[in-house]
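Visitor: with the input below, show me the fold.
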Amino acid sequence: MALKISLKPNEKMIISGAVVTNGNMRSDLSIENKVAILREKDIMKEAKADTPCRKIYFVIQLMYIDEGNVVEYHKKYWELVRNVVAAAPTTLDFIDPISRHIQNREYYKALKLTRKLMDYEEEVVRNAR
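Guide: Model (predicted):
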């Protein structure tokens with residue numbers, strides 16, 4: 001079954017590592033096979049990875065779109081996770097399911113869960129002030 005995506009004018013997305021920019025009109029795409037796809041709203045630029053949990057999201061994003069370097073990204077992920085859990089053990093409830101998805105190479109599912117981790121991080125920082 002094909003994945004159907006509607007792109008807004010000028011919307012960007014990544015398809016298996018290639019950045020694709022839509023033209024000036026709305027477009028509908030059908031993706032017929034399994035490939036890594038990230039819509040613009042889900043893409044984090046490196047400059048925005050400015051907190052520990054955002055860095056985790058960014059590294060998982062790289063795992064998802066750049067499988068050729070996944071071993072290095074896994075190393076970086078585990079390093080970041082160790083540091084986050086050491087600083088805030090309560091994050092383990094979020095990180096455990098994310099890590100299971102990482103181990104199963106389900107990177108998109110891990111990205112979705114990492115959004116919740118980033119929200120939690122923001123809440124913790126807000127409450128610490």
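Visitor: which parts of the longest helix seen in the chain are buried?
Guide: The longest helix of the chain (DSSP state H) is helix 107-128. Neighbour counts over helix 107-128 (16 or more other CB atoms under 10 Å) mark 107, 109-111, 113-114, 117-118, 120-121 as buried. All C-beta atoms are positioned from the backbone trio N, CA, C, and that covers glycine.
Visitor: and those as JSON lines, adding distance to residue 56?
Guide: JSON lines is the format used below for the buried residues of helix 107-128 (distance: CB to CB, whole Å):
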{"residue": "107", "distance to residue 56": "12"}
{"residue": "109", "distance to residue 56": "14"}
{"residue": "110", "distance to residue 56": "9"}
{"residue": "111", "distance to residue 56": "10"}
{"residue": "113", "distance to residue 56": "10"}
{"residue": "114", "distance to residue 56": "6"}
{"residue": "117", "distance to residue 56": "7"}
{"residue": "118", "distance to residue 56": "8"}
{"residue": "120", "distance to residue 56": "12"}
{"residue": "121", "distance to residue 56": "9"}
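Visitor: look up how far residue 35 lies from the closest residue to residue 21 other than its chain neighbours.
Guide: Nearest residue to residue 21 in three dimensions, chain neighbours excluded: residue 12, at 5.0 Å (CB to CB, 6 or more residues apart in numbering). Relative to residue 35, residue 12 is positioned 16 Å away (criterion: CB to CB, to the nearest Å).
Visitor: residue 110 too?
Guide: Distance, residue 110 to residue 35, by CB to CB: 17 Å.
Visitor: can you check residue 69 too?
Guide: 17 Å.
Visitor: I am finished for the moment; much appreciated.
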